[in-house]
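Student: give me the fold of what follows.
(one chain, ligands or ions: 1)
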Amino acid sequence: MTNNHSKASSSPVEIAEKAGWDVIVVGGGMVGATAALGLAQQQFNVLLLEQYEPDLSWSTQQPYQVRVSALTRASENILKALGAWPGIEARRCHAFTDMHVWESSSEAEVHFSAADIHQANLGHVVENSVIQAALWEQLLAHPSVTIRTGDEVVDLSLTSQGAEVFLSNGESLLTQLVVGADGAASKTRQLAGIELTTHDYHQCAVVGCVETELSHQNTCWQRYQADGPFAFLAMPDNQSSIAWYLPIEKMQWALALSDEAFAEAITEASANKLGQVIKVGERGAFPLIRRHANHYIQPHFVLIGDAAHTVHPQAGQGVNLGLLDAAALIDTLANARQQAPEKDWSRRSVLRRYERWRRGDNVIVQRSMEGFDWMFQQDQSVKNKLRSKILPLANQATPIKNWLMSQVLKGREVLPSLAQ
Ligand SMILES: Cc1cc2nc3c(=O)[nH]c(=O)nc-3n(C[C@H](O)[C@H](O)[C@H](O)COP(=O)(O)OP(=O)(O)OC[C@H]3O[C@@H](n4cnc5c(N)ncnc54)[C@H](O)[C@@H]3O)c2cc1C
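Tutor: As a prediction, the model looks like this:
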């Protein structure tokens with residue numbers, strides 16, 4: 001843990017007396033905003049520090065955003081329980097009912113359908129800015145939340161009694177718990193001295209929104225090919241969000257293509273599944289790296305969301321895992337305070353409970369992405385044969401398929417109460 005500022009740290013007694021906030025959440029993205037709102041709803045006094053002021057203005061004329069997330073039922077439940085879901089529906093989201101996964105060399109395929117498990121849908125595709133705006137709307141209206149934007153965290157002092165956050169403007173803030181929700185390049189994780197284990201996929205994801213000649217039929221389509229998977233995620237107005245996975249050397253090439261050449265390349269990558277791509281919007285590209293923090297906790301400090309872990313996005317699980325982290329943390333802290341009001345609810349044994357709850361689930365998802373990658377990424381003949389046998393078998397194994405759908409939709413581990 002670092003503490004290299006010239007200012008002397010406050011003593012534990014001072015911290016306990018002066019702590020202005022029960023919790024300081026650093027990072028107001030989808031996961032940090034969820035944690036801040038849920039903790040405030042459990043009567044914790046919360047300060048949210050976000051480096052950028054998000055654009056909360058909204059119009060249906062707004063072009064579709066580059067970054068979207070496929071939300072599971074567990075995530076939907078969390079956002080509903082927090083009161084943010086109506087704000088999402090009032091803006092823009094799209095329920096998908098089916099998922100088609102197929103393989104380029106054999107055209108073997110698996111089809112998942114919500115109807116098979118008696119569900120209305122398999123999830124919703126939502127723009128990230130919509131999720132953040134709906135959460136911030138609730139945060140801004142909550143009396144137990146203070147939001148500050150524009151200040152950078154430059155140091156942390158973590159003691160056995162509490163935490164002190166030092167800002168770039170020279171101010172220092174006392175709290176009982178710092179929640180690091182500041183994304184994959186988390187500064188708070190570094191300041192807390194938590195190391196990362198990483199794996200570079202040498203791949204990038206090219207993303208954006210496109211319009212296709214044929215209807216997407218409320219279906220998410222994923223094609224596996226030699227370079228990596230290609231996906232269409234169903235959006236409103238027959239738009240589809242694309243995720244095109246390419247070797248990292250092709251990232252600049254894909255970004256530099258003219259709109260016409262890009263539309264042509266996507267039509268080809270999707271094997272014309274939805275006919276010609278007729279219109280393309282803004283696009284972006286992200287190098288793909290798996291990261292996992294070696295610990296999620298330090299004294300009076302905890303990591304959630306991408307600050308703790310990033311996964312390969314091919315199964316759209318990143319923010320879903322982050323929302324489960326936030327919901328599990330809310331449960332853990334609220335239960336600890338309720339069960340022993342006389343004790344410090346942010347003590348190590350409580351934070352360890354949160355860490356044990358979430359770490360295993362996050363590892364399972366990260367590892368299963370590795371399995372997909374191994375199976376599909378390299379175009380070797382043995383794997384080709386294996387895939388062309390496994391996919392049709394999987395397609396016919398209805399009970400297994402239905403179990404898989406339920407697991408992905410609802411979440412795997414013991415679910416936090418907000419997610420149920
Ligand atoms: C191509 C791609 C596709 C994806 N698709 C899906 C999908 O379909 N489904 C899914 O579940 N996940 C998906 N993900 C993953 C998902 O986008 C991330 O898991 C999610 O954005 C993480 O949210 P977060 O709030 O933890 O972090 P972030 O979204 O990174 O938010 C961090 C916040 O902290 C702020 N911040 C950073 N540093 C500081 C600081 N020092 N002080 C104050 N504030 C700070 C930032 O401004 C930001 O607002 C995808 C990822 C990629 C790359």
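
Student: secondary structure class for the residue nearest the centre of the chain?
Tutor: Taking C-alpha atoms, centre = their mean, the centroid of the chain lies closest to V319, which sits 1.4 Å from it. When classified by DSSP: H, G, I helix; E, B strand; the rest coil, V319 comes out as helix.

Student: the closest residue to it other than its chain neighbours bridge partners, please.
Tutor: Using C-beta to C-beta, 6 or more residues apart in numbering and skipping the chain neighbours, the partner closest in space to V319 is S69 (4.7 Å). For the C-beta atoms, the positions are set from N, CA and C on the backbone; glycine is no exception. Beta-bridge pairing for S69 (DSSP bridges): V126.

Student: next one: S113 from Q314, what distance?
Tutor: Distance from S113 to Q314, counting by C-beta to C-beta, to the nearest Å: 20 Å.

Student: out of the two, which sits in the more crowded spot?
Tutor: Remark: of S113 and Q314, Q314 carries more neighbours, 22 against 16, as counted by other C-beta atoms under 10 Å.

Student: correct me, but the more buried one touches L233?
Tutor: No. With contact defined as C-beta atoms under 8 Å, Q314 does not count as touching L233 (11.6 Å).

Student: what's the overlap in contacts for those two?
Tutor: Residues touching both Q314 and L233 comprise A243, with contact defined as C-beta atoms under 8 Å, 6 or more residues apart in numbering.

Student: which residues of the stretch 301-420 of the chain fall in strands?
Tutor: Counting by DSSP state E, counting those that start in this stretch, the stretch 301-420 of the chain has strands at residues 301-303, 309-310.

Student: give the next helix or strand downstream of the host helix or strand of I88.
Tutor: Under the criterion of DSSP states H and E, I88 resides in helix 85-91. Using DSSP H and E, the next helix or strand after helix 85-91 towards the C-terminus is strand 94-96.

Student: can you list the strands that that following strand pairs with?
Tutor: Applying DSSP bridges, one finds strand 94-96 paired with strand 123-127 (antiparallel).

Student: and the next element down the chain from the strand it pairs with?
Tutor: Using DSSP H and E, the next helix or strand after strand 123-127 towards the C-terminus is helix 128-141.

Student: what lies in contact with that next one?
Tutor: Residues from elsewhere that reach helix 128-141, judged by C-beta under 8 Å, 6+ apart: 28-30, 33-34, 36-37, 40, 48, 54-56, 58, 65, 67-69, 71, 79, 82-88, 91-93, 145, 147, 319.

Student: so which of those also contact the ligand?
Tutor: Intersecting the contacts of helix 128-141 with the contacts of the ligand gives G28, G29, M30, S69, V319 (criterion: C-beta under 6 Å from any ligand atom).
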